[in-house]
Each structure stands twice: as C-alpha cells, then as structure tokens.
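Asker: missing the sequence, but the structure's below:
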C-alpha cells in the first residue's frame, strides 16, 4: 500500500536496483528479453508448426501446407524484500547503507530471478525453462566438452544456433579445468 510509505521510495532508486539486477542476471546475459507490459498479463502469438518446403516436378503442383499458431500468456509477478535495520545505523551512515542495500538487493534479485527463470514451478512464480515440456536439458553430472558439443549439435539439428550455455558455477569450473 503506497499510502503507508511507498510513495516515499523514489522510482529512480527502485528502477536502478532493477537495472543493476539485470546487469547481474545470467538469463539476461544469455539473451532473455524484457517485455514491457501495461497490465498484469499479456498474450503473445507463438508459431506452433511451420510450413513445409517441397520440391516439385515440372507441371505439377505443390501440396498446400499450413502454419499453425498458438498463444502464450505472460503474467506479471511482484518480487521484493523487506529489510529491517536500526534508525541509528541509517542515520550514522545513510550513503553507505544505501550503497550496500543497492548492491546486496540487486545481487539477490538477480540470483532469485535467474532461479525462477530456470527452475520456477509455475505455482505462484514463473515457470522456469527446465519445467517446460520442450526442455531437453537437465543435469548431466560432471560435464566434459563432449557433452557440450553434443548439446550444441542437438540445437543445430533443430535448426537453431547455440549462442549460450548456462552452467552451474561448479560445472563451469570443471569445464574450464579440462586439459585437451
């Protein structure tokens, strides 16, 4: 309820924390788009099946094919954090407290948004990409470059370009220490 003090929080400050969180987000770095919404939900079109490409002989016709479309519904969620501190602390070092809160809250927000974007259950939180039926990824244990190459090949076979690979920090460290 903004009447209880929310109007006192400058939009620039909350926007700045969101911008800092975006800069720290693995999913944003991987190319996830931010969609501006003017209501609590938005329906966007999705190509479900493509038209077929055919070869024909001379004086013959093409067999018609259809593209089919579906819709995906985007929903908004409100995320936040309540931080309690003593008035004396804030009065003694307001700039330092503001800087620390900004750094900690933006990092925590980025981490949580990435967690929801990857593993969110869809129940009172976004559905993460690993929960979608089209997802064929998951834990492969301790990876090696053969695993990364095989995953990239599966993406290319599906006619896409593998631009990013999101790894758990320990899996990334294991990949970086493999000697060729």
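Answerer: Thanks, I have the structure now. Remember, it's a predicted structure, so these values are computed and weren't measured experimentally.

Asker: name the helices or strands packed onto the longest helix seen in the chain?
Answerer: For the chain, the longest helix by residue count, based on DSSP state H, is helix 94-119. With contacts taken as 3 or more C-beta pairs under 8 Å, 6 or more residues apart in numbering; DSSP states H and E, helix 94-119 sits against helix 11-24, helix 26-29. C-beta coordinates here come from the backbone N, C-alpha and C atoms, glycine included.

Asker: what's the offset of the next helix or strand along the chain from it from the middle of its chain?
Answerer: Once helix 94-119 ends, the next helix or strand along the chain (criterion: DSSP states H and E) is helix 145-157. Here helix 145-157 shows a centroid-to-chain-centroid distance of 21 Å under the convention C-alpha atoms, centre = their mean, to the nearest Å.

Asker: ok so, going back, out of the helices and strands packed on helix 94-119, flag the one nearest residue 109.
Answerer: Closest approach to residue 109 among these (C-beta to C-beta): helix 11-24, 3.9 Å.

Asker: model confidence over that closest one, on average?
Answerer: Here helix 11-24 scores 77 as its mean pLDDT.

Asker: Pull the residues that contact that helix.
Answerer: Contact with helix 11-24 is made by 28, 34, 102-103, 105-107, 109-111, 113, as judged by C-beta atoms under 8 Å, 6 or more residues apart in numbering.

Asker: Please convert the buried members of these into PyMOL selection syntax.
Answerer: Selecting only the buried entries of these in PyMOL, with 16 or more other C-beta atoms under 10 Å as the criterion:
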select buried, resi 28+105+106+109+110+113
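
Asker: Turn the contacts of helix 11-24 into CSV, columns for distance to residue 92 and pLDDT.
Answerer: Formatted as CSV, these follow (distance: C-beta to C-beta, whole Å; pLDDT from 0 to 100):
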residue, distance to residue 92, pLDDT
28, 35, 89
34, 37, 84
102, 18, 87
103, 18, 89
105, 20, 90
106, 23, 90
107, 24, 92
109, 26, 91
110, 29, 92
111, 29, 92
113, 32, 92
